[in-house]
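In: I would like the atomic coordinates for the input below:
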Amino acid sequence: MCLIRLEDINLRFDDNIIFDHFNLKVNSGDKILITGKSGRGKSTLLSILLGFVKADSGGYYFNGAPVSYPDLKKVRLNYAYVNQDVTIQEGIVREVLNRIAGFDHNNFNGVIDQELLEYFEFDESLFELHTSKLSGGQRQRLGLMIALSLKRDIFLLDEITSALDQELKDKTASYLANLQATVIVVSHDSCFLKTGKFKEVRW
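Out: Numbers count the residues shown, from 1 in each chain. Sure thing, here's the model as predicted:
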């Protein structure tokens, strides 16, 4: 079943053409890897799906229905998004998780499963750390664990393995490759293709 479809998307910033009649079709359960040179608009694609950026022209369809920008908040609830900077609120991790759990639209009790912690090589001491003290790799793993804990149907993930060592890159790619969800990853890392389950979209 076609879940997401972008049709003849055009977008330019000043004199810079980002998308020129760009098309993308994502079926439910697909694993998509977006690759290409820096500055080509890979992250912008995720922003279009989320409604943070509006294309100049073209169609955006979700579950076969055209997406209008006033209704994008509803569509956005299907997505779990981790941006390239891994934006996480300031504070003790436990308190940050509780704040996230407090939003009505989040199906999350504020607790990251022990199995998930162990897989991404954390223990419960993580919950007592201040987010400002986390390394880049720790922030990426925490951001991903939060996204996974929301149990959304679609994951939009932007360069989530860039600060990880090779072992953790491979573990992360393997986990996402076997996830019962639709996953769209922007990355320069080859670990996703090595799983044999990600389809590469390059431009």
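In: Is it correct that residue 188 falls within a strand?
Out: No. If the criterion is DSSP: H, G, I helix; E, B strand; the rest coil, then residue 188 is coil and not within a strand.
In: show me what contacts it?
Out: Under the criterion of Cβ atoms under 8 Å, 6 or more residues apart in numbering, the contact list for residue 188 reads 35, 159, 162. Backbone N, C-alpha and C define where each C-beta goes, glycine included.
In: Can you tell me which of those end up in strands?
Out: Here DSSP state E is the test, and the contacts of residue 188 give residue 35 as lying in strands.
In: which other helices and strands contact the helix or strand residue 32 falls within?
Out: Using DSSP states H and E, residue 32 maps to strand 31-35. Here strand 31-35 touches helix 42-50, strand 182-186, helix 191-194, strand 199-202, going by 3 or more Cβ pairs under 8 Å, 6 or more residues apart in numbering; DSSP states H and E.
In: try 6 Å this time
Out: Packing contacts for strand 31-35, counted by 3 or more Cβ pairs under 6 Å, 6 or more residues apart in numbering; DSSP states H and E, involve strand 182-186, strand 199-202.
In: Quick one: the strands in this structure, in order.
Out: Using DSSP E, strands in the chain cover 2-13, 16-27, 31-35, 57-62, 65-66, 79-82, 154-158, 182-186, 199-202.
In: now the ones you listed in a markdown table, with mean pLDDT and mean neighbour count?
Out: Compiled in a markdown table, the strands of the chain are given as follows (pLDDT from 0 to 100; neighbours: other Cβ atoms under 10 Å):
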| stretch | mean pLDDT | mean neighbour count |
| --- | --- | --- |
| strand 2-13 | 96 | 16 |
| strand 16-27 | 95 | 15 |
| strand 31-35 | 97 | 22 |
| strand 57-62 | 96 | 16 |
| strand 65-66 | 95 | 10 |
| strand 79-82 | 97 | 22 |
| strand 154-158 | 98 | 23 |
| strand 182-186 | 98 | 23 |
| strand 199-202 | 94 | 12 |
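In: Output the lowest-mean-pLDDT helix or strand in the chain as PDB, restricted to C-alpha atoms.
Out: Ranked by mean pLDDT, DSSP states H and E, the weakest helix or strand in the chain is helix 72-76, scoring a mean of 90. The C-alpha coordinates for helix 72-76 follow below in PDB (Å, rounded to 0.1, in the frame of the first residue of the first chain):
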ATOM      1  CA  LEU A  72      -0.500  18.800   8.300                       C
ATOM      2  CA  LYS A  73      -0.600  18.600  12.100                       C
ATOM      3  CA  LYS A  74      -2.700  15.500  11.800                       C
ATOM      4  CA  VAL A  75      -0.300  13.900   9.300                       C
ATOM      5  CA  ARG A  76       2.600  14.900  11.500                       C
END
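In: For that helix, give me every contacting residue.
Out: 50-51, 62, 67 (Cβ atoms under 6 Å, 6 or more residues apart in numbering).
In: ok, now with 10 Å
Out: 4, 49-52, 54, 60, 62-63, 65, 67-69, 105, 152, 154, 156 (Cβ atoms under 10 Å, 6 or more residues apart in numbering).
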